[in-house]
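> pasting a predicted model and its sequence here:
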Amino acid sequence: MPDLVASYHILDHQNLMRVFSAALATETNTFAPMPTGLSSFHERAYYPAGQHPDRMQMHSGPLWAARLVGPARGWTLIEGLVAAAVPNGIVTRAAFEGLRDALLADLRALARRGVTSLDGWAPEPEWEEWIDVWYPSGADTIERVAAHNLTCEYGACQAFLEIKPRLPLDVQKTFDRIIPDEQFHMRLGRQVIERHCTTDDAAERVRARVLHTFELEQAGRLAYNRRMARLGVADLTDPTPPLA
């Protein structure tokens with residue numbers, strides 16, 4: 001199954017002065033026998049609102065980016081919960097609902113900062129089609145692994161490598177820890193495909209899945225760049241836009 005990465009990065013569109021950033025991430029492997037409880041999040045990354053350390057952590061990239069560029073743009077950054085679990089089995093209901101309620105409480109606290117409504121905010125349709133619809137839609141494990149472990153992890157790894165030289169040294173060091181993890185998942189995906197993709201039909205389904213995933217990924221990147229351009233934080237004519 002693909003990573004569940006709910007990264008909330010919300011701007012007050014009226015004046016672009018307030019930014020809320022939070023994240024909830026877990027890699028769910030349905031074949032793993034051990035459930036993902038709250039302790040799995042504490043083992044990897046668990047930072048309540050306002051307690052994120054002074055360096056980028058895995059799955060907190062939007063928050064860290066807002067810290068870097070926000071002051072120069074006059075943003076008020078409101079930091080919510082950042083929680084990421086070690087890869088494991090299905091998340092327990094108690095863990096998910098506890099983290100969900102904590103994150104929603106952080107969102108409700110926005111009212112105390114003058115953001116009384118998030119009406120009209122929504123992720124790009126291209127991202128919803130890519131992440132929420134396409135990834136879970138595979139007919140079997142082979143199709144889901146082809147979309148995620150092969151294509152998604154490859155795209156993520158390439159993006160990290162491409163933007164790494166443009167980042168501050170401390171963020172580059174964090175990327176040096178993240179990239180091997182992405183490469184491990186790519187190798188794992190290839191092993192699964194090589195072992196279980198044994199018929200012509202399965203091979204054709206994997207090929208189609210990979211190609212369409214690449215198409216959706218590129219559409220999602222372009223949609224993100226367009227939004228950043230509308231907000232005035234990116235230039236689409238730049239040869240190195242936020243997500244090239």
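Structure received. Numbers count the residues shown, from 1 in each chain.
> hang on, Ala22 in a strand?
Yes. Per DSSP: H, G, I helix; E, B strand; the rest coil, Ala22 lies within a strand segment.
> pretty sure it contacts Ala66?
No. Using Cβ atoms under 8 Å, Ala22 is not in contact with Ala66, being 11.0 Å away. To be clear about C-beta, it is placed using only N, CA and C from the backbone, and glycine gets the same treatment.
> the more surrounded of those two?
Ala22 (26 against 21; other Cβ atoms under 10 Å).
> with adjacent residues omitted, what lies nearest to that one?
Gly80 (2.9 Å; Cβ to Cβ, 6 or more residues apart in numbering).
> so how many other residues sit close to that neighbour?
27.
> which of the residues in the strand or helix carrying it are buried?
For Gly80, the element it lies in under DSSP states H and E is strand 76-84. Under the neighbour-count criterion of 16 or more other Cβ atoms under 10 Å, strand 76-84 has 78-84 buried.
> likewise for stretch 213-227?
213, 216-217, 219-221, 223-225, 227.
> check stretch 63-76 too.
63-67, 70, 75.
> in these, find the pair that's most separated.
Trp64 and Trp75 (13.5 Å; Cβ to Cβ).
> all helices of the chain, in order?
38-44, 61-73, 93-108, 125-127, 141-145, 153-163, 169-196, 200-230 (DSSP state H).
> can you tell me which of the ones you listed is most buried?
helix 141-145 (a mean of 20; mean count of other Cβ atoms under 10 Å).
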